[in-house]
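Enquirer: Any chance you could fold what I've pasted below:
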Amino acid sequence: MPTNIKSHIPEVTLNIMRNINISLCMLVIAMVHVGASSPSGFNYGDALDKSLMFFEAQRSGKLPFQQRVKWRGDSGLHDGLQQGVDLVGGYYGAGDHVKFGLPMAFSVTMLAWGAIEFRKEITDLNQMEHTLWAIRWGTDYFIKAHPQPNVLWGQVGDGASDHSCWERAEDMTTSRAAYKIDEQHPGSDLAAETAAALAAAAIAFKPYNSSYSSLLLVHAQQLFTFADRYRGLYDDSIPSAQQFYASSGYSDELSWAAAWLYQATGDEYYLKYVVDNAVYMGGTGWAVKEFSWDNKYAGVQILLSKVLLEGKAGSYVSTLKQYQAKADYFACAYLQKNEGYNVQKTPGGLVYVHDWNNLQYASSAAFLLAVYSNYLNAAKSQLNCPEGQIQPQELLSFAKSQADYILGKNPKEMSYLIGYGPNYPSHVHHRDSSIASISVLHSEVSCVQGFEAWYRRGEPNPNILYGGLVGGPGRNDDFSDERSNYEQTEPTTSGSAPLIGIFAKLQSLYSNAGSYQYQHKSQVPKPTTPSIYPHKTLAHATPAGFITGPPVQFLHSITSSWTVGESTYYRHRVVIKNISQKPISDLKLMIQNLSGSLWGLTPTNEKNIYELPQWLNVLQPGSECIFVYVQGGPQAKISILSFF
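Expert: As a prediction, the model looks like this:
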């Protein structure tokens, strides 16, 4: 790092510092505002924790002892019994109680991809165990649903009868009919997506449970062979799925499964498959602007770009470059760099793909661009757009913009992640969330009673569905928090699954001390370090780097970055806010791991110890002070030493 970091700050800013006699904290704001706005701080670690809890709330079957969502109970314990197969387990995909195989498998694939790509980040947050459990709750079910090589049970429950009732999963009275695909009734899309989920999960589990990983891989390979040999649309074989999760084709899923099996096995057979079928299956022909449970082309293109960028293409370079060209099209369209062929955005900055449950498309796209950013960065490469070359950091910035919109940086200042922040949807279209828990209301809630007593009530849902990502706002950032507004207020696993990887990545990069603490007290360590000053005790950091306890709160964000040679530097902005009811004076902070320059605080004679600026000796209740530092690498560690 350069010894004179000020040489990289615009001269006009330094002149302002020298010549204008204004408050130093206000000066800092001006100084950091160099072509970038200062985003609100968010605790991405907390958002990650809550997102994983959503998957616990969506569990079907016998719930484990360590279940954190206590308002849920066992359900669907006889699934598959009439058909003579054990189909207990798996996930309810949204606000109803049908287990739809295609979106469930996609959700598991995305969970596994997040665990693979952001393994270190998730591990550093102590969330890998919960993540692997979220994956395994799905893969254990898929193993049971695949009792023979060419048989896969793809759905439990009937959408029509299920949607005619409003009842808790624990009280289900609707049909639990099960539907399968086989040689006479094929479903290449469903079988291939399940193969992709199992192959990705095999990679995720390999460092922790190699035998389970091997088992997953056996099922994945069998399902891919089944999907490829007996071709057909799954919803032709399971007609009851057509109204809810109709498939637009299966070529993308076959390519998707082969790409994942190549990643899991290294077997050239699967790479040759996607190369030989590149034109026929559309992988090098379809330039798309959607990635979802139904359309996997962009995922295939980016996953195969990884092979090319890692130098493993061999004799397939030419075809894999065609795949990457389509991956670039997808990324450029979301970055608005595609010469007009871009994805629409709302006035508030949210990408807008579909009117119904749009946030699931935004979260999936954000995940893909975050992953692609990693691949490009590792290869020291750039994104090639019609409007010029784009640095990998810009893809990550896009992912952050969508995550921040979801968490509250939007025109309504509402978090669309349920339970996160002070303002989030409370009338969620979700049966179990909207009816009093079976642990509270022990009597059964009947089908009709559920509509009359719970669906139509004006009060908020009695059970907070932590971490559920609702459908989200309309094309003009409009949102109506009503239970009947299922297009906007129903959460889905396919929407929440990509967020695990995104939030882990953002927390590792920014470690923003957001305004919202972890919901679970058991996750916040008890203070262990005594204050070195006798008059007050110091506050302590949670695992997410969030300072808790009186008297101040820290909001930490990165406002801009730049590259000098091979080094990248970040401009860190920290807001100190007095959240107590009394004035604070003589606040002393310890700032460790600081390698660059700092402005806005007064250094003391003691190493790493700083005070408020002299003109601001007292911080009044509710008031703020801002300081800034510039450095490369991880953010500095901030601790409160003392205050009066």
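Enquirer: How many residues are close by the closest residue to R231 other than its chain neighbours?
Expert: Nearest non-adjacent residue to R231, counting by C-beta to C-beta, 6 or more residues apart in numbering: S188, 4.8 Å away. Placement of C-beta: from N, CA and C, glycine included. S188 has 25 neighbours, counted by other C-beta atoms under 10 Å.
Enquirer: pretty sure S188 is touching D228, no?
Expert: Yes - S188 lies in contact with D228 (C-beta atoms under 8 Å); the separation is 7.1 Å.
Enquirer: Now for these two: what residues contact both?
Expert: Shared contacts of S188 and D228, defined by C-beta atoms under 8 Å, 6 or more residues apart in numbering, comprise L254.
Enquirer: for the residue nearest to R231, what are its contacts?
Expert: A227, D228, Y230, R231, G232, L233, Y234, Y250, E253, L254.
Enquirer: any idea which of those is closest to I609?
Expert: Within these, proximity to I609 (C-beta to C-beta) peaks at E253, which comes in at 58.5 Å.
Enquirer: ok, residues contacting the strand or helix carrying the closest one?
Expert: Using DSSP states H and E, the element containing E253 is helix 251-265. Outside helix 251-265, the residues that touch it by C-beta under 8 Å, 6+ apart are 109, 188-190, 192-193, 195-196, 199-200, 202-203, 217, 220-221, 223-224, 227-228, 267-268, 270-271, 273-274, 277, 280-283, 286, 295-297, 299-300, 303-304, 307.
Enquirer: buried ones in that helix?
Expert: 251-265 (16 or more other C-beta atoms under 10 Å).
Enquirer: Tell me the one among these nearest to A436.
Expert: E253 (40.1 Å).
Enquirer: count of neighbours near the residue nearest to the closest one when sequence neighbours are not counted?
Expert: In this structure, E253 finds its nearest non-sequential neighbour in A192, 3.8 Å apart by C-beta to C-beta, 6+ apart. Residues near A192, counting by other C-beta under 10 Å, number 31.
Enquirer: List the contacts of A192.
Expert: By C-beta under 8 Å, 6+ apart, the neighbours of A192 are L223, F224, A227, D228, Y250, E253, L254, W256, A257.
Enquirer: Kindly provide the distance from it to Q67.
Expert: 32 Å (C-beta to C-beta, to the nearest Å).
Enquirer: repeat for S437
Expert: 13 Å.
Enquirer: what do you get for A227?
Expert: 33 Å.
Enquirer: more crowded one of these two?
Expert: A227 (30 against 14).
Enquirer: Next, the buried residues of the helix or strand where A200 lies.
Expert: Using DSSP H and E, A200 falls within helix 188-205. Buried residues in helix 188-205, counting neighbours by 16+ other C-beta under 10 Å, are found at 188-205.
Enquirer: now swap in stretch 607-627 and tell me
Expert: For stretch 607-627, using 16+ other C-beta under 10 Å, the buried residues are N608, I609, Y610, E611, L612, P613, L616, L619, C625, I626, F627.
Enquirer: again with stretch 454-462
Expert: Within stretch 454-462, judged by 16+ other C-beta under 10 Å, the buried ones are W454, Y455, N461.
Enquirer: go on, stretch 54-74?
Expert: Buried-residue list, stretch 54-74, by 16+ other C-beta under 10 Å: 54-61, 63, 68-69, 71-73.
Enquirer: Output it as PDB, restricted to C-alpha atoms.
Expert: Provided in PDB are the C-alpha atoms of stretch 54-74 (Å, rounded to 0.1, in the frame of the first residue of the first chain):
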ATOM      1  CA  PHE A  54     -37.200 -19.300   6.400                       C
ATOM      2  CA  PHE A  55     -36.200 -22.700   5.100                       C
ATOM      3  CA  GLU A  56     -36.800 -24.200   8.600                       C
ATOM      4  CA  ALA A  57     -40.300 -22.600   8.500                       C
ATOM      5  CA  GLN A  58     -40.900 -24.300   5.100                       C
ATOM      6  CA  ARG A  59     -40.000 -27.800   6.300                       C
ATOM      7  CA  SER A  60     -42.400 -30.600   5.800                       C
ATOM      8  CA  GLY A  61     -42.200 -33.800   7.800                       C
ATOM      9  CA  LYS A  62     -41.000 -34.700  11.300                       C
ATOM     10  CA  LEU A  63     -39.200 -31.600  12.600                       C
ATOM     11  CA  PRO A  64     -35.800 -32.100  14.300                       C
ATOM     12  CA  PHE A  65     -35.200 -31.200  18.000                       C
ATOM     13  CA  GLN A  66     -32.900 -28.300  17.000                       C
ATOM     14  CA  GLN A  67     -35.600 -26.700  15.000                       C
ATOM     15  CA  ARG A  68     -35.400 -22.900  15.600                       C
ATOM     16  CA  VAL A  69     -38.800 -22.000  14.300                       C
ATOM     17  CA  LYS A  70     -40.900 -23.100  17.200                       C
ATOM     18  CA  TRP A  71     -44.300 -22.100  15.900                       C
ATOM     19  CA  ARG A  72     -44.100 -24.900  13.300                       C
ATOM     20  CA  GLY A  73     -45.000 -28.500  14.100                       C
ATOM     21  CA  ASP A  74     -44.800 -31.900  12.300                       C
END
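Enquirer: now what about that stretch, what contacts it?
Expert: Residues contacting stretch 54-74 (C-beta under 8 Å, 6+ apart): 53, 75-77, 79, 88-93, 97, 99, 111, 134, 137, 141, 169-170, 418, 432-433, 437-440, 463, 465-469, 491, 493, 496, 520.
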